[in-house]
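In: heads up, no residue letters with this:
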Ligand SMILES: Cc1cc2nc3c(=O)[nH]c(=O)nc-3n(C[C@H](O)[C@H](O)[C@H](O)COP(=O)(O)OP(=O)(O)OC[C@H]3O[C@@H](n4cnc5c(N)ncnc54)[C@H](O)[C@@H]3O)c2cc1C
Ligand code: SF4
Ligand code: SF4
Ligand code: SF4
């Protein structure tokens, strides 16, 4: 019997988190734009869906797949603390630099051996990285709105390191939590970003930036989705913007089926929505989140009861679910297994 992820791939709802590639015992999964199952010894044998003849049917991949697992009904139910924060050193970061500051401080205090993240070059081409020092964290600052299967790099990280920090968007965070709970306890802290959608590289670099924004990709210093618009800031100081609705329809198909906005499976979630400009919104969700945040908070400025606060976060959760929940339930009907649905 094919693994459940074959259905996820077939119906184009694979979030490309990379979890299945990280754990498949025979190395039969490769994740690029989506997961592919193939013969690790003979990639020529690949065909769309699954090369079932090589798959051992162990179902390891299905147990770590966030789309198979489904979504939580109330994603703020496990939030123990909510506040805003910003780091003293946030240059190059997307918002308040809290994500980078947490990882840096955990390295400096010797609490983690490695962290996984995504760097980019001038052309906004990305690379998955295993950071092993506070200095390495500088290379991954800033949001890339393109999608990369960051969890796949855990396959290498598990071989060498024992205390691993994961940073990712909600689908990746969910995959990381399922790996941690089911297979590998080397992940010690999971930091989740808020996420409305992401884009395939070719769509962002060949359509949205040159055609819709009419900007050269190499001129861009920062991209940002905020206040109803997609903003692009150039190195020369120009600001270009378009309404989000002009670009959102080009988001990846799995993002139109996704019902996790705030990384509900994270230990600590970090975003911008809910906090003032230049600050991060921070959500502490677990014992590990409390423990690690306590260790790093001396490097952060904190703001209790920030505005616009959780009310705006809740509104955006609703906006993301509107349409997406229906799409997800529709696709669940087509699966050959009984999907969890939104539970
Ligand atoms: C695709 C995407 C969509 C987002 N949408 C929203 C949103 O709707 N609302 C909101 O409040 N916040 C959103 N965010 C989060 C926001 O952009 C910031 O990442 C967050 O506020 C943390 O800011 P920071 O200054 O602490 O990050 P920084 O200190 O700049 O650290 C950035 C971290 O993000 C990681 N990263 C960058 N790009 C990616 C990626 N594509 N996939 C996985 N990891 C990545 C880096 O490895 C690094 O660890 C989104 C992020 C992404 C990646
Ligand atoms: S069922 Fe097992 S062997 Fe087959 S792709 Fe999934 S993890 Fe790999
Ligand atoms: S685990 Fe992630 S990459 Fe693999 S099939 Fe599921 S969503 Fe896709
Ligand atoms: S919306 Fe964000 S979390 Fe959901 S599948 Fe897309 S990238 Fe992943």
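Out: Cool, the structure landed. Nothing here was measured: the structure is a model prediction, and the numbers come from that model. Ligands and ions are numbered 1, 2, ... in the order given.
In: Just give me the neighbour total for residue 283.
Out: 28 (other C-beta atoms under 10 Å). All C-beta spots, glycine's among them, are computed from the backbone N, C-alpha and C.
In: wouldn't it be in contact with residue 77 here?
Out: No - between residue 283 and residue 77 there is no contact under C-beta atoms under 8 Å: 11.5 Å.
In: Look up the closest residue to residue 302, ignoring the ones flanking it.
Out: residue 85 (5.2 Å; C-beta to C-beta, 6 or more residues apart in numbering).
In: Where does the one you found sit, in terms of helix or strand?
Out: Taking DSSP states H and E as the criterion, residue 85 maps to strand 81-87.
In: what is the rounded mean pLDDT of that strand?
Out: Throughout strand 81-87, pLDDT has a mean value of 98.
In: could you list every residue that touches the residue nearest to residue 302?
Out: Residues near residue 85 by C-beta atoms under 8 Å, 6 or more residues apart in numbering: 96, 98, 275, 279-280, 282, 297, 300-303.
In: about what we covered before: show me which residues of the strand holding residue 85 are buried.
Out: Neighbour counts using 16 or more other C-beta atoms under 10 Å place 82-87 of strand 81-87 among the buried residues.
In: quick one: which of the contacts of residue 85 sit in helices?
Out: residue 98 (DSSP state H).
In: Get me the contact residues on the stretch 151-300 of the chain for ligand 3.
Out: When proximity is defined by C-beta under 6 Å from any ligand atom, the stretch 151-300 of the chain lies next to ligand 3 at residue 175.
In: got the residues of the stretch 151-300 of the chain near ligand 2?
Out: Close to ligand 2, as judged by C-beta under 6 Å from any ligand atom, the stretch 151-300 of the chain has no residues.
In: what about stretch 136-150, average pLDDT?
Out: For stretch 136-150, the per-residue pLDDT averages 98.
In: thinking again about what came up before, just the buried members of the contacts of residue 85?
Out: 96, 98, 275, 279-280, 282, 297, 300, 303.
In: tell me the two of these that are most distant?
Out: Taking C-beta to C-beta, the two most distant members of the buried ones among the contacts of residue 85 are 275 and 297; they sit 15.5 Å apart.
In: Residue 199 versus the closest residue in space to residue 256 that isn't next to it in sequence, what's the distance?
Out: Spatial nearest neighbour of residue 256, excluding adjacent residues (C-beta to C-beta, 6+ apart): residue 327 at 5.5 Å. Residue 327 is 17 Å from residue 199, where distance means C-beta to C-beta, to the nearest Å.
In: Ok, residue 305 next?
Out: Using C-beta to C-beta, one gets 34 Å for the distance from residue 305 to residue 199.
In: Who has more neighbours out of these two?
Out: More crowded of residue 305 and residue 199, by other C-beta under 10 Å: residue 199, with 20 against 9.
In: wait, the more buried one sits on residue 143?
Out: No - look at residue 199 against residue 143 with C-beta under 8 Å: they stay out of range, at 11.8 Å.
In: got the buried residues for stretch 87-102?
Out: Under 16+ other C-beta under 10 Å, the buried positions of stretch 87-102 are 87, 90, 93-102.
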